[in-house]
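> Task: produce atomic coordinates for the following.
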Amino acid sequence: MTPSLDVDKQDQSILHLAYSSEIRAGFLHFLPFRLLLATNLLPCLMMGRIFKMTVSLVAVLLLVITGLLVLFTVQAGNRERETSQQSAPPTGHFVPTGEVEIFVQEMGPANGPTVLFVHGTGAWSEMWREPMVALAAAGYRSIAIDMPPFGFSERPLPPRYSSHDQARRIIGVVRTLGLTQVTLIGHSFGCRATVEAASHLAHEIQSLVLIDAAVGMTDDNSPPSPPGWTTRALQSIFGLSLIRQALVASTVTNPLLTRRLFQLLIDDPADATDPLVEMLQRPLVVRDSTSRVGEWLQVFLFSDDSSALSSQAATYRTFAPPTLLLWGERDLLTPLVQGQMLASLLPDPTLVVLKGVGHIPQVEDAAQFTDALLQFLTVQVPAH
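Down below sits the predicted model:
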């Protein structure tokens, strides 16, 4: 008669196999297994094996991730070998601003009303090519600048990328070129520096255009909240230059991800065409791009910019120049409700919703974008 053991129901299937083995191999041969089962040691051994396998898989995964980070960092170093002057396209020139030299592209008659374009994150002046051509043909002097650390402009050392610092570079271009009666046009995160600059250029600004503006506006009476432990931990990690550089080289400045990152911002992924992706990748050959973008990203993610004029509702309530707000109907990054909120604050706003586009309308539907812009300009600052 087979001996009985007091076991849980979960062990019944194992016991069935044990009994079969016992019949074949004999009681004495199977006794160690029965003892392990009776004393609950077998589940412990099984859990230990699972734990060891999990640790091994995690270790392999970490090795793969580390290898990829090292690989992309090395590739970035091999790619980023040219100076800004060597790699900048011949369609533009450099403008000294006292701190850094800003790369500028210009089109249109020198005596036409001036329109100054300021791009957003990860872009550069070439992003405005189609609108600039159309405005130049309509008699406007179109100027687009590269905002550091993007494009071909000189990168500041030590790194200074607050809204106030970026605004000083816009102001430097305006004053070095002797521009007057300017229409400032900002896009996305570039709107912060655009608004900041416009607030300090009261005599030079004729009108303002904000496109899917990401201004980070806060309530006038709400103090900035202290960072949580997660933010502090990430800030500590990002403070290590080698780790920061590896992360940026694997993502932001990684040519393999240019298309995918751009598609996250637009409504139709097909708008991320090969020529567009190639254009966005051109500045990635500039020396130390990954390091400089990493420094900018650290400021972008962790610095408190709440004191910037662009972040304060009071700035918009007292803003005198006529302002056009162009907003993508399907913008998920800065939803239309944010444009409506800005319009409710401004004394003289015009809000135009661009149909069927997301966060980058000047690329997604350049014709619709340019038509809306020209309608505003011909009323506010008609070309001669």
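
> can you pull out the strands in the stretch 101-250 of the chain?
Here the stretch 101-250 of the chain has its strands, by DSSP state E, counting those that start in this stretch, at 101-107, 114-118, 141-145, 182-187, 205-211.

> Could you export the fourth one as CSV, keeping only the C-alpha atoms?
When you say that, I think you mean strand 182-187. Taking Å, rounded to 0.1, in the frame of the first residue of the first chain, the C-alpha atoms of strand 182-187 are listed here in CSV:
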residue,chain,number,x,y,z
VAL,A,182,9.3,93.4,-36.7
THR,A,183,6.7,90.7,-36.6
LEU,A,184,8.1,88.0,-34.3
ILE,A,185,6.9,84.5,-35.1
GLY,A,186,7.6,81.7,-32.5
HIS,A,187,6.7,78.0,-32.6
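
> Which residue would you name as the spatial centre of this protein?
residue 121 (5.5 Å; Cα atoms, centre = their mean).

> Residue 95 versus that residue, what's the distance?
Per Cβ to Cβ, to the nearest Å, residue 121 is found 22 Å from residue 95. Where C-beta positions appear, they are placed from N, C-alpha and C, glycine not excepted.

> re earlier: check the gap between the closest residue to the residue nearest to the centre of the chain other than its chain neighbours and residue 95 for me.
Leaving aside its sequence neighbours, residue 121 sits nearest to residue 189 (Cβ to Cβ, 6 or more residues apart in numbering; 4.7 Å). The spacing between residue 189 and residue 95, counted by Cβ to Cβ, is 22 Å.

> And these two? Which one has more around it.
Set residue 189 next to residue 95 and count neighbours by other Cβ atoms under 10 Å: residue 189 wins out with 25 against 20.

> CA atoms only for stretch 339-348 - export them in CSV, please.
Output of stretch 339-348 as CSV, limited to C-alpha atoms (Å, rounded to 0.1, in the frame of the first residue of the first chain):
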residue,chain,number,x,y,z
GLY,A,339,-4.6,78.4,-27.4
GLN,A,340,-8.1,79.3,-26.3
MET,A,341,-6.7,80.2,-22.8
LEU,A,342,-4.0,82.4,-24.3
ALA,A,343,-6.6,84.1,-26.5
SER,A,344,-8.8,84.9,-23.5
LEU,A,345,-5.8,86.7,-21.9
LEU,A,346,-4.6,88.8,-24.8
PRO,A,347,-6.1,92.3,-25.4
ASP,A,348,-6.0,92.0,-29.2
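
> starting at the chain centroid, how far to that stretch?
Relative to the centre of its chain, stretch 339-348 is centred 25 Å away, using Cα atoms, centre = their mean, to the nearest Å.

> Start at 2, not 1
Understood, numbering begins at 2; the last thing we discussed is stretch 340-349.

> Count the neighbours of the closest residue to residue 339 other than its chain neighbours for me.
Spatial nearest neighbour of residue 339, excluding adjacent residues (Cβ to Cβ, 6+ apart): residue 214 at 7.3 Å. Using other Cβ under 10 Å, residue 214 is surrounded by 26 other residues.

> what's the answer for residue 95, then?
17.

> Backbone torsions only: list them for it.
phi -100, psi 140 (degrees, to the nearest 10).

> So for stretch 254-270, what gets flagged as buried?
Neighbour-count burial for stretch 254-270 flags 254-255, 259-260, 263-264, 266-268 (criterion: 16 or more other Cβ atoms under 10 Å).

> Ok, stretch 106-116 next?
Applying 16+ other Cβ under 10 Å to stretch 106-116 flags 106-109, 113-116 as buried.

> Switch those over to CSV; also include distance to residue 159 and pLDDT.
Output for the buried residues of stretch 106-116, formatted as CSV (distance: Cβ to Cβ, whole Å; pLDDT from 0 to 100):
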residue, distance to residue 159, pLDDT
106, 28, 98
107, 30, 98
108, 34, 97
109, 36, 97
113, 38, 95
114, 37, 96
115, 32, 97
116, 32, 98
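
> CSV please, covering the residues you listed and showing distance to residue 346.
Shown next, in CSV, are the buried residues of stretch 106-116 (distance: Cβ to Cβ, whole Å):
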residue, distance to residue 346
106, 32
107, 33
108, 33
109, 32
113, 31
114, 26
115, 26
116, 24
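
> Farthest pair within these?
Pairwise distances across those (Cβ to Cβ) peak at 17.5 Å, for the pair 106 and 114.

> Verify the stated contact: residue 189 with residue 362.
No. Applying Cβ atoms under 8 Å as the test, residue 189 and residue 362 come out as separate, 10.7 Å apart.

> Relative to residue 111, how far out is residue 179?
11 Å.

> What of residue 239?
44 Å.

> quick one, phi/psi of residue 347?
Note on residue 347: its backbone torsions stand at phi -70, psi 140 [degrees, to the nearest 10].

> buried ones in the host helix or strand of residue 79?
Per DSSP states H and E, residue 79 falls inside helix 42-80. Neighbour counts over helix 42-80 (16+ other Cβ under 10 Å) mark 43, 70, 73-74, 76-77, 80 as buried.

> Pull out the buried residues from the helix or strand just after that helix.
The helix or strand immediately downstream of helix 42-80 is helix 85-88, counting by DSSP H and E. By neighbour count on 16+ other Cβ under 10 Å, the buried set for helix 85-88 is 85, 88.

> related to what we said a few turns ago, give the rounded mean pLDDT of the helix holding residue 79.
Average pLDDT, helix 42-80: 80.

> which residues sit in contact with the residue nearest to the centre of the chain?
Counting by Cβ atoms under 8 Å, 6 or more residues apart in numbering, residue 122 touches 151, 189-191, 301.

> Could I get the strands of the stretch 102-251 of the chain in JSON lines, plus columns for distance to residue 374?
Below are those laid out as JSON lines (distance: least, Cβ to Cβ, whole Å):
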{"stretch": "strand 102-108", "distance to residue 374": "14"}
{"stretch": "strand 115-119", "distance to residue 374": "8"}
{"stretch": "strand 142-146", "distance to residue 374": "11"}
{"stretch": "strand 183-188", "distance to residue 374": "8"}
{"stretch": "strand 206-212", "distance to residue 374": "7"}
